[in-house]
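Visitor: Sequence plus predicted model, see below.
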Amino acid sequence: MQFREVTWAQQLHLQRLLHGAGAEVTERSLPNYPGAALREIIKQSGHPHNLEPLLLTLRRPANKVTRQRFGEAAGELVLIQKVTSSDPVVTDLKVYAAGEVTDSADGLLHPTKDTTVTFETWLRVEMLDVLRLMIEENLVKSLVPDMQYKLVQDMLQLTADPMQHELIRLYSFCAAYAGLKTFHAARPALVKAGFLQQAVEFLRSVIDKDSLADSSSLALDPFERLKALTTSIEVLYLLALTTQQGDYMLPAAGAGTSSKAAASASITDLQQQRQVNVAALQEHGAAPLLAKAVEQSWQISQDRNNFVYVPPARKSAATNGQTAENGSTAAADNDDDSTNDTEEQKKMRAVAEEAIAAASVTFEENWHNFLKAVYDTELVPSYAAFAVQLGCALLQLLHHEGVPNALPSMIVLQQMTAYSNDQLIATAGSILQSAATGQDATAEAPAVDASTAIMSLPQHQDLELAAFAKLCYACAKPESRDVKLLRCSACGVTYYCSSACQKADWKVGGWSFRREVCMHIYSVMAALAASSVRMQ
């Protein structure tokens, strides 16, 4: 997916070089389209040249306002229908070129010259990623809890389907996790339905490199592999926090507004629940997979640090399908013509040469450019640091409970301990290194008990809050040390930062979908409670 984003940016760049600012009209205008128009394009168009610019626009983090308009028009329902249906998304590949209507090439080479990922796969993956973003941003508000549960189960079915492309399986898993984290009302049923087991199986398929083809995206694309590892670790960590009722507690949440006694009780409850969840993690064989996931995430970050970019050799027009003789003649003619060029003509010639060079890049050079584009961002180090830190904290808990094979290799732990760019990783590495040698780590990180030395670090608790904090259902304000969200007293599954937000969400004096859902959940729970009393 990052590769698709890079190649699309390259196409736009080439169009700008050849056609000027007019090539940017679509890119500039799509974020301003009405939500209903965006929905209908996705619903009715079967051409990748229409769908892909729109989906890439919706995927960009900066376009949250566009996603909000799309969500207000119930655009997520179209996405859900498209990605869960067996009907093809791409039904039209016709393009007009050289005076003729022909079929365009279907897809792109990725990640090797022997592997073509079709537009059908690319577009489904992009739809899944937009859906995941909308769920995380609390923009999917058209689904009642039963529908939320079914959506997540559908995503898990796609994840487990060996006939699906591995990128579709990965992004289906990411969307399923977004639902687990965001859909509070559906979470208890999802936990009971075996989300943990399916997450472990997905991680096992990612860790087992021998089962991946040599041309596998998850084997060769560092960002996609890191996304798979990080999401898997995050899921296991969240489930280690989650109670059988589907709730999860963060010791740092609302710490600034709680009494010391209440905070202490909350931490004790959390520790007890984590110990209960350790048994489930051990039962499904999560520990050795988690240790390998930490090791591989760490290795990807080291590969990024060791990457050396070699710019591709500059090409002339002669290298692009011309004979050497014709190329020499063309070069000579260019030299003669260029001597009398004006400054404007020289600029135009430079633009043309840049366009030729961009168009004639080899696959290997383009893949190298893609790796540079990925490694130049902070995505890889941020994802890797997140995966390593969460994974180490959970591994310490497993190791303390006597779960075998619950630590990364000593070499990785030593490298982490010596890592000066991230003090939290260095501390976690030191604690686990001490645990591996049977020493007490509490001197380095005082904790309530030895099993949570890493989890008790203030920096780690800040990381927990950033990753798992609940959101106000109305304004999406995250829970923090200073903001403790309040559970709705009616349905018991949604959270608000204030009564004002709850009233605004319920739209007092008028019809509100949220209010109807809330009262429906309340009536169901009341009926269940009444039947339980009668049975006693």
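Guide: Looks like it arrived, so ask away. A quick note: this is a predicted structure, and the numbers were derived from the prediction, not measured.
Visitor: Tell me the pLDDT of the residue nearest to residue 39 when sequence neighbours are not counted.
Guide: Nearest in space to residue 39, with sequence neighbours left out and distances taken as C-beta to C-beta, 6 or more residues apart in numbering, is residue 75 at 4.2 Å. Every C-beta, even on glycine, is put in place using the N, C-alpha and C of the backbone. We note a pLDDT of 93 for residue 75 in this prediction.
Visitor: now do residue 301
Guide: For residue 301, the model assigns a pLDDT of 93.
Visitor: picking that back up, in contact with the residue nearest to residue 39, which residues are there?
Guide: 35, 38, 39, 42 (C-beta atoms under 8 Å, 6 or more residues apart in numbering).
Visitor: same question, residue 296
Guide: Going by C-beta under 8 Å, 6+ apart, the list of residues near residue 296 reads 207, 225, 229.
Visitor: number of nearby residues for the last one?
Guide: So that's residue 229. A count of nearby residues for residue 229, using other C-beta atoms under 10 Å, gives 27.
Visitor: can you list the weak-confidence ranges in the stretch 101-250 of the chain?
Guide: Low-confidence segments of the stretch 101-250 of the chain, defined by pLDDT under 70: 209-211, 213-214.
Visitor: residue ranges for the helices of the stretch 251-400 of the chain, please.
Guide: 260-283, 286-306, 324-338, 343-359, 363-376, 379-400 (DSSP state H, counting those that start in this stretch).
Visitor: what's around residue 208, how many residues?
Guide: Other residues within reach of residue 208, judged by other C-beta under 10 Å, total 11.
Visitor: Can you tell me how far it is from residue 222?
Guide: Distance from residue 208 to residue 222, counting by C-beta to C-beta, to the nearest Å: 18 Å.
Visitor: Hmm, residue 111 and residue 363 touching each other?
Guide: No. Assessed by C-beta atoms under 8 Å, residue 363 is found out of contact with residue 111, at 9.7 Å.
Visitor: Settle it for me: which of those two has more neighbours?
Guide: Higher neighbour count among residue 363 and residue 111: residue 111, with 20 against 13, using other C-beta under 10 Å.
Visitor: Which of the three states applies to the more buried one?
Guide: coil (DSSP: H, G, I helix; E, B strand; the rest coil).
Visitor: which residues of the stretch 251-400 of the chain score low on pLDDT?
Guide: Low-confidence segments of the stretch 251-400 of the chain (pLDDT under 70): 251-271, 314-340, 351-359.
Visitor: Out of the contacts of residue 75, list just those in helices.
Guide: 35, 38, 39, 42 (DSSP state H).
Visitor: Any idea how many residues pack against the first one?
Guide: By the measure other C-beta under 10 Å, the count of residues near residue 35 is 17.
Visitor: so it touches residue 78, yeah?
Guide: No. Contact criterion C-beta under 8 Å: residue 35 and residue 78 do not qualify, at 11.0 Å.
Visitor: Mutual contacts of these two, please.
Guide: Joint contacts of residue 35 and residue 78 (C-beta under 8 Å, 6+ apart) do not exist.
Visitor: how close does the closest residue to residue 128 other than its chain neighbours get to residue 153?
Guide: Leaving out its chain neighbours, the residue that sits closest to residue 128 by C-beta to C-beta, 6+ apart is residue 171, at 3.9 Å. Here residue 171 is placed at a distance of 16 Å from residue 153 (C-beta to C-beta).
Visitor: Comparing these two, which residue is more hemmed in?
Guide: When neighbours are counted by other C-beta under 10 Å, residue 171 and residue 153 differ, and residue 171 comes out ahead with 29 against 17.
Visitor: so which strand or helix has the more buried one?
Guide: Residue 171 is part of helix 166-182, with elements assigned from DSSP states H and E.
Visitor: and after that helix, which helix or strand comes next?
Guide: helix 187-192.
Visitor: What is that following helix packed up against?
Guide: If contacts are counted by 3 or more C-beta pairs under 8 Å, 6 or more residues apart in numbering; DSSP states H and E, helix 187-192 sits against helix 145-160, helix 166-182.
Visitor: what comes into contact with the helix or strand just after it?
Guide: Using DSSP H and E, the helix or strand that follows helix 187-192 in sequence is helix 195-207. For helix 195-207, the external contacting residues (C-beta under 8 Å, 6+ apart) are 152, 156, 159-160, 169, 173, 176-177, 180, 211, 218, 225, 228-229, 232, 235-236, 239, 280-281, 284-286, 289-290, 292-293, 296.
Visitor: Give me the buried positions along helix 195-207.
Guide: Buried residues in helix 195-207, defined by neighbour count with 16 or more other C-beta atoms under 10 Å: 195, 196, 198, 199, 200, 201, 202, 203, 204, 205, 206, 207.
Visitor: Just name the closest of those residues to residue 414, please.
Guide: Taking C-beta to C-beta as the measure, residue 414 lies nearest residue 207 of these, at 21.9 Å.
Visitor: Can you give me the distance of that closest one to residue 201?
Guide: Distance of residue 207 to residue 201, computed by C-beta to C-beta: 11 Å.
Visitor: How confident was the prediction at residue 459?
Guide: If you check residue 459, the pLDDT there is 89.
Visitor: Provide a list of residues in contact with it.
Guide: Shown in contact with residue 459 (C-beta under 8 Å, 6+ apart): 423, 424.
Visitor: give me that answer again for 6 Å
Guide: Contacts for residue 459 (C-beta atoms under 6 Å, 6 or more residues apart in numbering) come out as residue 424.
Visitor: Okay, and the residue lying closest to residue 424 once chain neighbours are set aside sits in which element?
Guide: Computed as C-beta to C-beta, 6+ apart, the closest residue to residue 424 that is not its neighbour in sequence is residue 459, at 4.7 Å. Element membership of residue 459 [criterion: DSSP H and E] is helix 458-468.
Visitor: So which residues make contact with whatever helix or strand comes next after that helix?
Guide: Later in the chain than helix 458-468, the nearest helix or strand by DSSP H and E is strand 486-487. Under the criterion C-beta under 6 Å, 6+ apart, residues 495, 496 lie in contact with strand 486-487.
Visitor: after strand 486-487 comes which helix or strand?
Guide: Heading C-terminal from strand 486-487 (DSSP H and E), you reach strand 495-496.
Visitor: so what strands line up beside that next one?
Guide: Sheet pairing here is set by DSSP bridges, and for strand 495-496 it gives strand 486-487 (antiparallel).
Visitor: Check the offset of the strand it pairs with from the chain's centre.
Guide: On the basis of C-alpha atoms, centre = their mean, to the nearest Å, strand 486-487 sits 27 Å off its chain's mean C-alpha point.
Visitor: try stretch 142-156
Guide: So, by C-alpha atoms, centre = their mean, the centroid of stretch 142-156 is 19 Å from its chain's centroid.
Visitor: Please apply the same query to stretch 164-184.
Guide: With C-alpha atoms, centre = their mean as the basis, stretch 164-184 stands 9 Å off its chain's centre.
Visitor: same thing with stretch 56-75?
Guide: Put simply, stretch 56-75 sits 16 Å off its chain's centre (C-alpha atoms, centre = their mean).
Visitor: circling back: and the residue nearest to residue 424, how far is that from residue 241?
Guide: Distance of residue 459 to residue 241, computed by C-beta to C-beta: 18 Å.
Visitor: same thing with residue 63?
Guide: Per C-beta to C-beta, residue 63 is found 31 Å from residue 241.
Visitor: what do you get for residue 180?
Guide: Counting by C-beta to C-beta, the gap from residue 180 to residue 241 is 12 Å.
Visitor: more crowded one of these two?
Guide: residue 180 (24 against 19).
Visitor: which residues sit in contact with the more buried one?
Guide: By C-beta under 6 Å, 6+ apart, the neighbours of residue 180 are residue 190.
Visitor: Repeat the analysis, applying 8 Å as the threshold.
Guide: By C-beta under 8 Å, 6+ apart, residue 180 lies in contact with 152, 187, 190, 195, 235, 238.
Visitor: can you map out the helices along the stretch 1-150 of the chain?
Guide: Here the stretch 1-150 of the chain has its helices, by DSSP H, counting those that start in this stretch, at 2-19, 25-29, 35-44, 48-59, 64-72, 75-84, 119-136, 145-160.
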